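Visitor: I'll drop the sequence and a predicted model, then ask my questions.
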Amino acid sequence: MSIGSDTPAVVASGPEAVGHTAVERAAEAEAKAAGTEADGQVRLVIQNSPDAKSLPLGPTPIALWDWLSPDWTALSRQIDEAATAVAETAGQETQSRSPLLEDAQAAYHAGNFPLALELLYGYLARGGQQGLRDIDRVGFSAKLRRPTWHIHWAVAFSVRGDTDVAEPSPITADGGIGDERDSPPVERESREAELREREFRENGPAGTDADGATRDRPTEAVDPSVHQSMQRVLGLVAEQMSQTMKAQISGGDLGPAIQLLTSDSDPSRRARSFSAAGPDAKLWLPGIVFIGEGHAIPMTEKAGKQDFDYLLHADVLIREKTIRSRPGIGGQSRGGRFGPGNEESESSVQNVSQLRVIDCREGKNIIISAEMDTVELDRLVENERSTPEEYVGEKTDTMRKFIRAKLGLSPMPELTEEAARGRIQMVLRSPSLSPLRKLTEIRWFAQRGLLPEQELDQLFQVVAGFEGLKILHGSQRQAREAITKLARDATSGQ
């Protein structure tokens with residue numbers, strides 16, 4: 001088949017074309033209209049050419065392309081599947097929220113805070129687009145001299161003195177009267193109704209929104225019995241310290257971990273339960289663990305063994321004296337065991353409370369508040385020289401300012417590669433840091449470009465063995481299984 005009078009036409013090709021003259025090949029092509037021999041070989045026929053030696057013996061690339069007409073559909077599909085697998089291996093979750101973060105949030109809302117924190121470290125160590133953004137929210141603690149995602153706070157209290165009194169009679173906002181035993185029943189019921197109404201206005205009924213829609217409280221991980229115990233012996237003192245620590249939490253001065261664990265606003269995501277291990281810690285506030293009742297020294301030792309950073313301890317001294325009957329604030333008596341029936345004398349309960357913050361690593365006091373004495377407050381209020389709120393505020397002002405200024409977090413300073421390597425060596429040797437906590441910090445150094453990629457692989461394997469490599473390079477399912485295993489192992493003894 002000729003394209004032009006002097007143009008060679010590509011008709012067929014094959015190895016047999018070698019050695020034939022141009023005329024023989026032309027005749028052969030005319031005899032075989034289809035251009036195919038019996039053996040199925042395709043030949044190249046050049047028409048109107050006196051000599052084939054100077055001409056190419058194969059098809060042109062364009063002719064070969066037209067002849068093959070490849071279909072790339074299957075290959076494109078394979079490429080897309082491979083790209084998806086690579087994205088999963090790199091930890092780039094296609095979902096809007098990471099399942100690893102949801103696991104941590106579910107454990108927190110199930111009341112298992114230690115497990116939740118470990119799962120959160122696993123999520124950060126895994127990386128991925130969302131995880132790498134969150135890991136970079138790390139802060140620096142000047143007091144602890146380390147980068148941190150969570151400052152571990154514990155809280156405890158002790159009651160000593162005349163502990164057999166019916167009520168410890170702490171300072172309260174209603175005028176310093178902490179014991180309501182002698183109040184008329186109608187008055188007590190009125191106060192309780194007022195408290196319930198205020199709770200309803202602020203939070204709605206338990207398990208519902210203000211409009212009546214069913215919901216899960218975002219703070220169900222917090223144990224209400226802890227608040228009640230603190231309130232019973234400390235009253236307004238506990239209330240003001242609670243406000244101070246809540247400000248630390250909301251401001252990020254305890255680290256981003258609590259904000260990440262409590263950021264889930266969709267209750268349906270909490271169906272996954274991690275309560276099989278049991279509630280391992282009672283929370284006074286989000287991220288602040290109540291470790292029990294006892295003197296400051298044994299409580300500090302207990303907190304240190306559990307790797308807490310700081311302990312907020314309240315010491316309450318109760319004194320009961322029989323004194324001449326004298327109306328207290330508002331005409332009421334600060335009651336004890338004897339009640340108001342004796343006109344000549346009554347039992348006066350004196351509550352003296354004091355707060356302190358202790359460094360659990362060194363077992364030393366960091367700061368101690370002034371004493372808050374109900375007898376002193378009664379006298380000041382009676383002479384109209386102070387109010388309960390002002391009195392407690394003045395006595396704890398220095399401590400609250402110190403906590404905000406010295407025990408919070410600041411942005412991470414710029415680090416050299418040498419400083420980063422020194423810190424990594426400390427992390428590897430630390431017996432108090434769990435494997436997932438170590439992997440999180442190592443991953444952060446790599447994220448900041450202070451650790452080569454090949455060393456990242458080696459360190460993950462050194463810290464967590466094959467499980468570490470699955471977290472770093474495995475599929476989403478493999479990483480999730482490895483993180484859950486390491487998290488449960490780290491918290492099994494707590």
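Guide: Everything's here; your move.
Visitor: so where's the protein shaky on pLDDT?
Guide: Of all residues in the chain, those with pLDDT under 70 make up the ranges 1-96, 175-220, 264-280, 322-347, 493-494.
Visitor: how many neighbours does the residue lying closest to Gly251 once chain neighbours are set aside have?
Guide: With sequence-adjacent residues excluded and distances taken as C-beta to C-beta, 6 or more residues apart in numbering, Gly251 is closest to Gly408, at 7.3 Å. The C-beta positions use only the backbone N, C-alpha and C, and glycine is treated the same way. Residue crowding around Gly408 was assessed by other C-beta atoms under 10 Å; the count is 19.
Visitor: got a list of what Gly408 touches?
Guide: For Gly408, the contacting residues are 141, 248, 251, 253, taking C-beta atoms under 8 Å, 6 or more residues apart in numbering as the criterion.
Visitor: Counting neighbours, which of the residues you listed comes out on top?
Guide: Each of these was scored by neighbours using other C-beta under 10 Å; the highest score is Gln248's, at 23 neighbours.
Visitor: Now do the phi/psi pair for the residue nearest to Gly251.
Guide: Backbone torsions for Gly408, taken as degrees, to the nearest 10, come to phi -100, psi -160.
Visitor: Out of the contacts of Gly408, which comes closest to Gln458?
Guide: Comparing those against Gln458 with C-beta to C-beta picks out Ser141 as the nearest, at 27.9 Å.
Visitor: And the helices in the stretch 151-300 of the chain?
Guide: Taking DSSP state H, counting those that start in this stretch as the criterion, the stretch 151-300 of the chain contains helices spanning 185-203, 224-234, 236-250, 256-261, 296-305.
Visitor: Sort out which residues of stretch 409-419 are buried, please.
Guide: 409, 415 (16 or more other C-beta atoms under 10 Å).
Visitor: The contacts of Gly408: which two are farthest apart?
Guide: Checking the contacts of Gly408 against each other with C-beta to C-beta, the farthest-apart pair comes out as Ser141 and Gly251, at 14.1 Å.
Visitor: how far away is the residue nearest to Met230 when sequence neighbours are not counted from Ser430?
Guide: The spatially closest residue to Met230, leaving aside those adjacent along the chain, is Ala238, at 4.2 Å (C-beta to C-beta, 6+ apart). The gap separating Ala238 from Ser430 is 34 Å, by C-beta to C-beta, to the nearest Å.
Visitor: Those two - which one has more neighbours?
Guide: Summary of the neighbour comparison: Ala238 and Ser430, criterion other C-beta under 10 Å, with Ala238 having more neighbours (24 against 14).
Visitor: so how far is Ala420 from the more buried one?
Guide: Summarising the geometry, the distance separating Ala238 from Ala420, computed by C-beta to C-beta, is 42 Å.
Visitor: Domains in this protein, by residue range?
Guide: Per the record's domain assignment (automatic domain parsing), the chain is made up of the domains 15-68, 98-138+415-491, 148-179+219-257+271-406.
Visitor: Which among the ones you listed is found nearest to Ser263?
Guide: Comparing the domains of the chain under C-beta to C-beta, the one sitting nearest is domain 98-138+415-491, at 7.5 Å.
Visitor: Could you tell me the end-to-end distance of the closest one?
Guide: With C-alpha to C-alpha, to the nearest Å as the measure, the first residue of domain 98-138+415-491 is 22 Å from its last.
Visitor: do stretch 411-418 as well
Guide: Taking C-alpha to C-alpha, the span from the opening residue of stretch 411-418 to its closing residue is 20 Å.
Visitor: And stretch 148-158, by the same measure?
Guide: Start-to-end, stretch 148-158 (C-alpha to C-alpha) is 30 Å.
Visitor: Equivalent analysis for stretch 142-154, please.
Guide: Across stretch 142-154, the terminal residues are separated by 19 Å (C-alpha to C-alpha).
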